[in-house]
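Chemist: Give me a 3D structure for the following:
(chains A and B)
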Number of protein chains: 2
Amino acid sequence: MKFIPHLIDGKAIAQQTHEESRLAVAGLRSRGLVPGLAVVLVGADPASQAYVRSKDRVCLELGMHSVKRELPATTSQAELLAIVEQLNNDPAIHGILVQSPPPAQIDERAVIRAIDPRKDVDGFHPINVAKLALGESDGFVPCTPLGCQRLLIASGIETAGANVVILGRSMIVGKPLALLLMNKGIGGDATVTVAHSRTRNLPEVCRSADILIAAIGRAEFVRGEFVREGAVVIDVGINRVEDPASAKGYKLVGDVAFDEVAGKCRPITPVPGGLGR
Amino acid sequence: MKFIPHLIDGKAIAQQTHEESRLAVAGLRSRGLVPGLAVVLVGADPASQAYVRSKDRVCLELGMHSVKRELPATTSQAELLAIVEQLNNDPAIHGILVQSPPPAQIDERAVIRAIDPRKDVDGFHPINVAKLALGESDGFVPCTPLGCQRLLIASGIETAGANVVILGRSMIVGKPLALLLMNKGIGGDATVTVAHSRTRNLPEVCRSADILIAAIGRAEFVRGEFVREGAVVIDVGINRVEDPASAKGYKLVGDVAFDEVAGKCRPITPVPGGLGR
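Modeler: Coordinates of the predicted model:
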């Protein structure tokens, strides 16, 4: 049996999310509250600069207050902590993002711990990590796992009781996503397996999935034999591979070998255009 | 094929652990440091009193300083928090346990958060929950998951690459155990699945396990058909069931139907005498 791949349209879901955010911001503004996001970038990495610009642009589109702090690559730990402290105390700022990774002289863990947990919109502060692990819903959840869950909910894919296999056990995606999907409630209640580089019989483990989520960071690692017919496949990976045919010399591919897998599965997210961007 | 059940002797492993602790305590004492544990009990629940007494007794056996604080059931939240604060500041005390569950007038979450994370030997404080989730090894891990992992290591059961199915997603056992066994390192690197009441095809999911850990709190819930031949079975459950033949009128059974399962698996922990007591 050959499935006609049904692409999950990440862009459309993002647009819908933006629309909801715009309404929420308008509601807050009508009560005199302008939500503010501060994004801090240390150094001039072009990819990070592009991310920061796009966050700034979306904030303004949504009617939010946006602060962009671009600091030289030589910024010291103490200088960065002082800026975080200033943002913690700034009543116009409700969310703080420090773009990762910082230069080598900065201890990223210390910076994360310095952010007020109530402004830690990345959800990396231990207080927010613990809230997720404890199933408490009043903390911040890292954006990629939350986006994954939102994608599933928005696509009408039932997670309750489903076998979900997550490929990858990173602190940014794999582990928080596992906690999110096994917690009780909408978009949760799944039977979650976390598989990784040490997993034996990886294709077999992946074939047991009703929903397979690839977040292993290896280009086209998930082949056709990893996917059971009719499964849902979410591809979190964004990998650069050489492509002489492209003007840029590279192209972006996911963790899933799309052409092999797309014919076997129910909805699948393409890369690009799915989860990442 | 019928396996001869090989019982994992939890008591022998506990004894070995006590021996190691005794040596560690002696080493600290020789440097002038006497480790101290404080156990706080509010109310007079007989099971809790027995637990507290046994913790006190083991501390003394190991050469530790032990403080037992038994408070009336009418103790207020403020009174309990004041005692926790006093123990936080007591240099003779290095670990604090507040026996669970407290009476209804006490907010257990607030009490857990009041304990200095460096003295939170139960590992329930958000800072320690986050350390476990983040794979940082310098926090405290809840005792039951840690005991489970120790049992596996002491029994020479390799977790790296093994399919581990954990039945139950509680914050006391299931979730921390999943994080512990999927983290990198000795006793970790497993492919972990967390199954629970909402899991579809539960017997099938359990049969995929090389190591099946039952922590669902339902007497003899795991039947023969849940277990693949040659699997390792760890039974974390302790359930009271009526037993007119016993003088007490009840007996203790695990989450595993021992007689059905024992013939199919490699090592298995009996109840009692395995993990719990």
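Chemist: So A:Gln15 versus A:Ala190, what's the distance?
Modeler: Using C-beta to C-beta, to the nearest Å, A:Gln15 is found at 26 Å from A:Ala190. In short, each C-beta sits where N, CA and C put it, glycine included.
Chemist: of the two, who's got more company?
Modeler: A side-by-side neighbour count of A:Gln15 and A:Ala190, using other C-beta atoms under 10 Å in any protein chain shown, places A:Ala190 first with 27 against 11.
Chemist: Enumerate the residues of chain A near chain B.
Modeler: A:126-127, A:129-135, A:160-163, A:169, A:171, A:175, A:178-179, A:182, A:189-196, A:198-200, A:205, A:208 (C-beta under 8 Å from any C-beta of the partner chain).
Chemist: among those, which are in strands?
Modeler: Counting by DSSP state E, the members of these that fall within strands are A:163, A:191-195.
Chemist: Grab the two from the residues you listed that are most spread out in space.
Modeler: Greatest spatial distance among those (C-beta to C-beta): A:Thr191 and A:Ala195, at 13.3 Å.
Chemist: Is A:Ser24 located within a helix, as I assumed?
Modeler: Just so we're on the same page, residue A:24 is Ala rather than Ser. Yes. When the secondary structure is assigned by DSSP: H, G, I helix; E, B strand; the rest coil, A:Ala24 falls within a helix.
Chemist: residue nearest the centroid of chain A?
Modeler: A:Thr144 (1.3 Å; C-alpha atoms, centre = their mean).
Chemist: these two touch, right, that residue and A:Val236?
Modeler: Yes. Between A:Thr144 and A:Val236 there is a contact under C-beta atoms under 8 Å: 6.3 Å.
Chemist: returning to that earlier point: ok, now which ones touch the residue nearest to the centre of chain A?
Modeler: A:172-173, A:177, A:215, A:236, A:275 (C-beta atoms under 8 Å, 6 or more residues apart in numbering or on different chains).
Chemist: So which bits of the helix or strand it falls within are buried?
Modeler: In the assignment (DSSP states H and E), A:Thr144 maps to helix A:143-154. For helix A:143-154, a neighbour-count test (16 or more other C-beta atoms under 10 Å in any protein chain shown) marks A:143-152, A:154 as buried.
Chemist: Using JSON lines, lay out those together with distance to B:Val111 and pLDDT.
Modeler: Formatted as JSON lines, these follow (distance: C-beta to C-beta, whole Å; pLDDT from 0 to 100):
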{"residue": "A:Cys143", "distance to B:Val111": "33", "pLDDT": "94"}
{"residue": "A:Thr144", "distance to B:Val111": "34", "pLDDT": "94"}
{"residue": "A:Pro145", "distance to B:Val111": "30", "pLDDT": "96"}
{"residue": "A:Leu146", "distance to B:Val111": "30", "pLDDT": "95"}
{"residue": "A:Gly147", "distance to B:Val111": "35", "pLDDT": "93"}
{"residue": "A:Cys148", "distance to B:Val111": "35", "pLDDT": "94"}
{"residue": "A:Gln149", "distance to B:Val111": "32", "pLDDT": "95"}
{"residue": "A:Arg150", "distance to B:Val111": "35", "pLDDT": "93"}
{"residue": "A:Leu151", "distance to B:Val111": "39", "pLDDT": "92"}
{"residue": "A:Leu152", "distance to B:Val111": "36", "pLDDT": "93"}
{"residue": "A:Ala154", "distance to B:Val111": "40", "pLDDT": "90"}
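Chemist: Between the residues you listed, which sits nearest chain B?
Modeler: Within these, proximity to chain B (C-beta to the nearest C-beta) peaks at A:Pro145, which comes in at 12.4 Å.
Chemist: So which of the residues of chain A next to chain B belong to helices?
Modeler: Within those, membership in helices is found for A:126-127, A:129-133, A:175, A:178-179, A:182, A:205, as judged by DSSP state H.
Chemist: Need the buried ones from the residues you listed selected in ChimeraX.
Modeler: Here is the ChimeraX command that selects only those of those that count as buried (16+ other C-beta under 10 Å):
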select /A:126,127,129,130,131,132,133,175,178,179,182,205
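Chemist: Of all pairs in the ones in helices among the residues of chain A next to chain B, which one spans the longest distance?
Modeler: When those are compared pair by pair using C-beta to C-beta, the farthest-apart members prove to be A:Ile127 and A:Val205, with a separation of 33.0 Å.
Chemist: sorry, back to before: and the contacts of A:Thr144, which is closest to B:Gly27?
Modeler: If you rank the contacts of A:Thr144 by distance to B:Gly27 using C-beta to C-beta, A:Ile172 comes first, at 39.5 Å.
Chemist: thought the closest one was touching A:Leu146?
Modeler: No. A:Ile172 sits out of contact with A:Leu146 when judged by C-beta under 8 Å, with a separation of 11.7 Å.
Chemist: How about the contacts made by A:Ile93?
Modeler: Residues near A:Ile93 by C-beta under 8 Å, 6+ apart: A:36-38, A:65, A:67, A:87, A:119.
Chemist: Please tell me how far it sits from A:Leu37.
Modeler: If you go by C-beta to C-beta, the gap between A:Ile93 and A:Leu37 works out to 7 Å.
Chemist: what residue ranges in chain A are flagged as low confidence?
Modeler: Low-confidence segments of chain A, defined by pLDDT under 70, are located at A:1-5, A:276-277.
Chemist: just so I have it, where are all the helices in it?
Modeler: Taking DSSP H as the criterion, chain A carries its helices at A:10-30, A:46-62, A:77-88, A:108-114, A:126-133, A:143-154, A:174-182, A:202-207, A:258-262.
Chemist: sorry, back to before: going by distance to B:Val253, which of the ones in strands among the residues of chain A next to chain B wins?
Modeler: Closest to B:Val253 out of these is A:Thr191 (25.3 Å), distances taken as C-beta to C-beta.
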